[in-house]
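Peer 1: Based on what follows, work out the 3D shape:
(one chain, ligands or ions: 1)
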Amino acid sequence: MHPVSSTTSDNSDSADPTPHRAAIRAEDVSVTYASGTEAVKGVSLTVPEGEFFGFLGPNGAGKTTTIKAFVTLLDPTGGSVTVNGFDVRRDRRALRSSIGYMAQETSVDLELTARENVRFACEAYGVPRSERAARIDELLELVDLADVADEQAKTYSGGMKKRLDVATALVHRPPLVFLDEPTTGLDPTARNRLWDYFRRINEEGTTVFLTTQYLEEADQLCDRIAVIDDGRIVALGTPEELKARVGGDVLDVDLVDPSDATLARAEGVVHDSGLLDGEGSVSRTESGLSVTAQRARRVGTDLLVALRDAGIVVEGFNVRSPTLDDVFLAITGAPARSDDEDEDRETPDDVAASEVAR
Ligand SMILES: Nc1ncnc2c1ncn2[C@@H]1O[C@H](COP(=O)(O)OP(=O)(O)OP(=O)(O)O)[C@@H](O)[C@H]1O
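Peer 2: Residues are numbered from 1 along each chain as shown. Reported below is the predicted structural model:
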């Protein structure tokens, strides 16, 4: 359907109905800005066609810089990248027309209506004139903007503008879309709606490369996730593989007094109990401790008894499977951004944006 060079058809297998050609192949990519900042330090990854791939990392980790290098918005300082078989340095024009790109900042023209924005994108991407009207209606329907299609985009909420951004990135039916933190700053309702569209386009065959700071987003949507920290990929795998790396279940213990002194004592009790058989790890949380160990489920009650016997009052506890938050903590040594950190939250986009702006 789209041009793919011979180098990308390395593992097509007639016995396997799933296409496995590489949509993205990056080898040892580095980007150093003129300021001297080494934003990307030797990133290698391959994204097969059809995959929903997540690029997860905290603020400043190098996600946007990497995506810009993949979509030819900046030149990598080192390494090589092919996208849909096109080289980022040699085949820029062909590469660009073979992808969709949703930047972090909205590219919507606020003075135009949604329909006009999508029409403009159709013109820019050379969608044949005879197909435009139907394509515009189809996309506005897909992103639930058909009802407000003829209102100016400046009357839309942040969530609606993002949905319009998605529509404009898809006008030329690209086999691969890059989404750069598409839901940052949106409320959960707006975020969930976007997730539905992303899932739908991926189910219909589009390869998706998504950058995000949200662990839940990566967990919910992605077939595989690369965790990037300080310009380097520090983990890569399916969400389940990454969670398995944590090494067991997690016992969260909330203490009535989570002061440093009590936490230090509680850590000592857990270590000295011998219940973990020398494996596992203990970390502090805002309200107590998290004990991660293969035996966490089996020895949970005994640990609570040991804490009680030491005079440490437990307020609550919970044994659970690890989440990507635990993965992030285990890999980077720092907690990932939490949703509570959002400062610029939207009001729910179902609250008609037009009301906000008028
Ligand atoms: N144009 C630029 N010139 C110089 N340094 C830059 C430029 N853009 C980004 N950086 C730096 O490169 C590093 C990686 O930034 P980048 O924007 O790629 O990270 P990110 O993971 O996308 O973060 P965010 O979630 O904040 O968008 C940071 O240290 C950032 O300050």
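
Peer 1: those helices in the stretch 251-358 of the chain, which residues are they?
Peer 2: Defined through DSSP state H, counting those that start in this stretch, the helices belonging to the stretch 251-358 of the chain, from first to last, are 260-273, 296-309, 324-332, 353-357.

Peer 1: Export these as CSV, with columns for mean pLDDT, mean neighbour count and distance to residue 193.
Peer 2: The way it works is simple: take the backbone N, C-alpha and C, and place the C-beta from them, glycine included. Rendered in CSV, the data for those read as follows (pLDDT from 0 to 100; neighbours: other CB atoms under 10 Å; distance: least, CB to CB, whole Å):
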stretch, mean pLDDT, mean neighbour count, distance to residue 193
helix 260-273, 94, 15, 41
helix 296-309, 91, 17, 36
helix 324-332, 78, 21, 22
helix 353-357, 29, 15, 13
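
Peer 1: will you turn those helices into JSON lines that also has distance to the ligand?
Peer 2: Supplementary listing: these in JSON lines, determined by distance: least, CB to the nearest ligand atom, whole Å:
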{"stretch": "helix 260-273", "distance to the ligand": "31"}
{"stretch": "helix 296-309", "distance to the ligand": "32"}
{"stretch": "helix 324-332", "distance to the ligand": "13"}
{"stretch": "helix 353-357", "distance to the ligand": "24"}
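
Peer 1: measure the residue in the stretch 101-250 of the chain positioned nearest to the ligand to residue 118 for me?
Peer 2: Taking CB to the nearest ligand atom as the measure, the point where the stretch 101-250 of the chain comes nearest the ligand is residue 213, at 5.6 Å. If you measure residue 213 against residue 118 using CB to CB, to the nearest Å, the figure is 28 Å.

Peer 1: Of those two, which one has the most company?
Peer 2: Set side by side, residue 213 and residue 118 show unequal neighbour counts under other CB atoms under 10 Å, the larger going to residue 118 at 27 against 21.

Peer 1: Surely that one and residue 172 touch.
Peer 2: No: using CB atoms under 8 Å, residue 118 makes no contact with residue 172, being 11.4 Å away.

Peer 1: The stretch 51-200 of the chain against the ligand: which residues are in contact?
Peer 2: If contact is defined as CB under 6 Å from any ligand atom, the residues of the stretch 51-200 of the chain in contact with the ligand are 57, 59-65.

Peer 1: quick one, phi psi at residue 56?
Peer 2: Phi and psi for residue 56, reported as degrees, to the nearest 10, are phi -110, psi 130.

Peer 1: and the residue minimising distance to the centre of the chain, what is it in contact with?
Peer 2: Here the mean C-alpha position of the chain is nearest to the C-alpha of residue 212 (CA atoms, centre = their mean), at a distance of 3.1 Å. Under the criterion of CB atoms under 8 Å, 6 or more residues apart in numbering, the contact partners of residue 212 comprise 54-56, 63, 181-184, 218.

Peer 1: Which residue in the residues you listed has the weakest pLDDT?
Peer 2: Scanning the contacts of residue 212 for pLDDT, the smallest score is found at residue 184, 84.

Peer 1: Over to that residue. Which of the three states is it?
Peer 2: The assignment at residue 184 comes out as coil when based on DSSP: H, G, I helix; E, B strand; the rest coil.

Peer 1: you'd agree it is up against residue 217?
Peer 2: No: applying CB under 8 Å, one finds residue 184 not in contact with residue 217, separated by 9.6 Å.

Peer 1: Of the two, which one has the most company?
Peer 2: Between residue 184 and residue 217, counted using other CB under 10 Å, the more crowded position is residue 217 (24 against 19).

Peer 1: Helix, strand or coil: sort out that one for me.
Peer 2: With three-state DSSP as the criterion, residue 217 reads helix.

Peer 1: Same question for residue 161.
Peer 2: When states are read from three-state DSSP, the local structure at residue 161 comes out as helix.

Peer 1: Share the number of residues neighbouring it, please.
Peer 2: Look at residue 161: counted by other CB under 10 Å, it has 22 neighbours.

Peer 1: before we move on, what about the one 3 residues further on?
Peer 2: Other residues near residue 164 number 29, with proximity taken as other CB under 10 Å.

Peer 1: Could you double-check that it sits in contact with residue 108?
Peer 2: Yes: shown here, residue 164 and residue 108 form a contact pair, counting by CB under 8 Å, at 5.1 Å.

Peer 1: Identify the contacts common to these two.
Peer 2: Jointly contacting residue 164 and residue 108 under the rule CB under 8 Å, 6+ apart are 117, 153, 156.
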